[in-house]
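Colleague: here are the coordinates; sequence isn't available:
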C-alpha cells in the first residue's frame, strides 16, 4: 500500500467515523425524547446577555426564561440556547421535555438544538469521506491501468 492509498484510506475511514457518530448522536437524541416527559412551556421573560468580541464589538444573546407545569408544581428554568428570535417572545409557548422524575433538568424541544450536532458531524464526515473515497478509487483505477499495460506488453513479447 503506497502513501497515497494510506492517506485516502485515512480520509475515508475518518469520514465514515464522523457519519457513524452523527447517526449515533441523532439516535441518542431520539431515544432521550422518546423516554422523556413532555409538556408545553411559556416564555415568561427573556434575559439579554452582552458578549464582548475582539476590537471592542459586542453581540447580544437572548435567553428565554420558561415556566411549565409538572408534578403539580410550576417549574421555571432558563434555556442555555440563545436566539435573536427570543427577543420579543414573551408569552410564546414552546415544547419542553425532561427525564422522568427530573423536571429540574427540562430543556426546549426544538429542531435547531436537536439536529445541529448530527448535521455538523455528517457534513464533517462527508468532507472527509468523499475526497478519501474519490482518491482511493482514482488510485485503484490508475493501478489497474498500469497492470493492464504491463500484462499487454508481456503478451506482445511472448507472441513474437
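Modeller: Alright, I've got the coordinates. These numbers come from a predicted model, not from an experiment.
Colleague: can you pull the pLDDT of residue 153?
Modeller: At residue 153, the predicted lDDT confidence score is 62.
Colleague: and residue 39, by the same measure?
Modeller: Looking at residue 39 specifically, the model assigns a pLDDT of 93.
Colleague: name the element it belongs to?
Modeller: strand 37-52 (DSSP states H and E).
Colleague: pull the distance from that strand to the chain's centre.
Modeller: Going by C-alpha atoms, centre = their mean, to the nearest Å, the spacing between the C-alpha centre of strand 37-52 and its chain's C-alpha centre is 23 Å.
Colleague: what's next to the helix or strand just after it, contact-wise?
Modeller: Towards the C-terminus, the helix or strand next in line after strand 37-52, according to DSSP H and E, is strand 58-70. Surrounding strand 58-70, the residues in contact under the criterion C-beta atoms under 8 Å, 6 or more residues apart in numbering are 37, 39-53, 74-87, 89, 94, 96, 98, 103, 106, 108. (C-beta placed from N, C-alpha, C; glycine too.)
Colleague: same thing but at 6 Å, please
Modeller: Applying C-beta atoms under 6 Å, 6 or more residues apart in numbering, the contact partners of strand 58-70 are 39, 41-52, 74-79, 82, 86-87, 96, 103.
Colleague: are any of those residues buried, and if so which?
Modeller: In terms of neighbour count (16 or more other C-beta atoms under 10 Å), the buried residues within the contacts of strand 58-70 are 39, 41-43, 46, 75, 77, 79, 82, 86, 96, 103.
Colleague: how is this structure divided into domains?
Modeller: Here the domain assignment for the chain is 1-35+111-160, 37-98, based on automatic domain parsing.
Colleague: quick one: the strands in the protein?
Modeller: Secondary structure of the chain (DSSP state E): strands at 37-52, 58-70, 73-78, 93-98, 107-108.
Colleague: the inter-axis angle of the strand holding residue 39 versus strand 93-98?
Modeller: 110 degrees (axes from the mean of the first three to the mean of the last three C-alpha atoms, to 10 degrees).
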